[in-house]
Structure formats: structure tokens, C-alpha cells
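In: Fold the following and give me the result.
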Amino acid sequence: MISPFLLHLYLMRTPITTERLILREIESSDAEDLFEMDSKIEVMKYIGIPPLKKIEEVYPMINMLQEQYKENGIGRWAVELKSTGEVIGWSGLKLHDEEIDGNINFYELGYRFKPQHWAKGYATESSKAWMDYAFHKIETDNVFGMTDPRHKNSKKVLMKMGFEYVKQVEFYNETVDWFVCNKTKYLNQ
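Out: Numbering: from 1, shown residues only. The predicted structure follows:
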């Protein structure tokens, strides 16, 4: 019998499709789209790091994400439009092994999109796919979220997914709003 962890690693290699999107592992060929996104001031405004200046700055991030796939079987994935094949951003679950607010080895939902694709429901659509994955495939009891306290639109997405605000916490020397979504509550909404 295959272990749940190995099954999870195998399943993560399979793209996830939604009505309008394909979620898949980020590849080196996605560098131009990721640079286009992360070089924008308005995208990086609430991230806590400056916009990228050169495309070469994207490759360490891609390598880090690919290492997370190998080590944890999960991470942030490219979000591709089914209709055009354009990579419009990323979303996914990150396994955190550092302690935050008394939690360790937990999954955090995250997303980032090119500005021209904001306010079209893509963050919500991809987040729903990840929440379903977290609670049906990984079978975790909670998924966490964090956002800059000023980032109202990110908070709206978390609230639509059933997340509840917990409190502000420190994360890499930044104050963030900390949210949790419980499996039972999510499945009963």
C-alpha cells in the first residue's frame, strides 16, 4: 500500500483545473510572466520586498519553489488561463516549518497576480481549488493565511474562503494580519 505522503507527492504533480484556470508547478519557462508581475510597484506594495529590476532575479525564486515541491510535495503554483495559456500569477499552499503564533508545520494559502488580472475572481477561484485540495487530499484540519493589514482585497479573498481573522503577528520583521480556516467550518459553509 502506498503511504499517504507518497500519494500526496504523486497527486501534486498533476495539474489542477478549474472552470477558467490551470494550476501547475512553476517552471523556468515562466520567468518572463513572473518577472512581469513582480517588477510592478503595485504588486509588490504589500509584500515587503522591492519590485524586481532584472529578470535574473526571478530564477532564485523559481528554484526555491521547485525545491519546496521536492521537499514538501506542495508550494505555490503557476496560474494559467485555460483560454490563452498565459500565466497570470501564482497561488498555492506553502508548508511552513517555522513557528508562527504557536503553529508549526502548517499550510498557508497564498496568491499573487498580474494587475491586469485583478478583480476578475481568479484569486478566489484558484484559492477554492487549493482549499478543496487541503481539506480533501492533504486532510489537514486548518489552513492559515496572512496579509499586510492594509491589503483589503487580499483580506476579502480570505474571508470569501471562510477564513477568520485571529490577530496581528510578526512574520519576518513585518506585522501581518493572521487568519485561520477550519476544515469543518469550510466544508459546512
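
In: is it true that Ser126 lies in a helix?
Out: Yes. If the criterion is DSSP: H, G, I helix; E, B strand; the rest coil, then Ser126 is within a helix.

In: What sits closest to Ile41 if chain neighbours are left out?
Out: Closest residue in space to Ile41, ignoring its immediate chain neighbours: Pro51 at 5.4 Å, by C-beta to C-beta, 6 or more residues apart in numbering. C-beta: built from backbone N, CA, C; applies to glycine.

In: I'd say the one you found and Glu42 touch.
Out: No. Under the criterion of C-beta atoms under 8 Å, Pro51 is not in contact with Glu42, lying 9.0 Å apart.

In: ok, now how distant is Asn182 from Thr140?
Out: According to C-beta to C-beta, to the nearest Å, Asn182 stands 10 Å off from Thr140.

In: rewinding a little: residues near the residue nearest to Ile41, how many?
Out: 16 (other C-beta atoms under 10 Å).

In: Now do the contacts for it.
Out: By C-beta atoms under 8 Å, 6 or more residues apart in numbering, Pro51 lies in contact with Asp38, Ser39, Lys40, Ile41, Val43, Met44.

In: can we see that at 10 Å?
Out: With contact taken as C-beta atoms under 10 Å, 6 or more residues apart in numbering, Pro51 is in contact with Phe35, Met37, Asp38, Ser39, Lys40, Ile41, Glu42, Val43, Met44, Lys45, Glu57.

In: Among those, which one is most surrounded by other residues?
Out: Result: Met37 is most packed of the contacts of Pro51 (other C-beta under 10 Å), 24 neighbours.

In: unless I'm mixing things up, it is touching Arg76, no?
Out: No. Checked against C-beta atoms under 10 Å, the pair Met37 and Arg76 is beyond contact range at 11.9 Å.

In: which residues do the two both contact?
Out: Residues touching both Met37 and Arg76 (C-beta under 10 Å, 6+ apart): Gly89, Trp90, Arg112.

In: Out of those, which is nearest to Ile16?
Out: Trp90 (12.8 Å; C-beta to C-beta).

In: Done for today, thanks.
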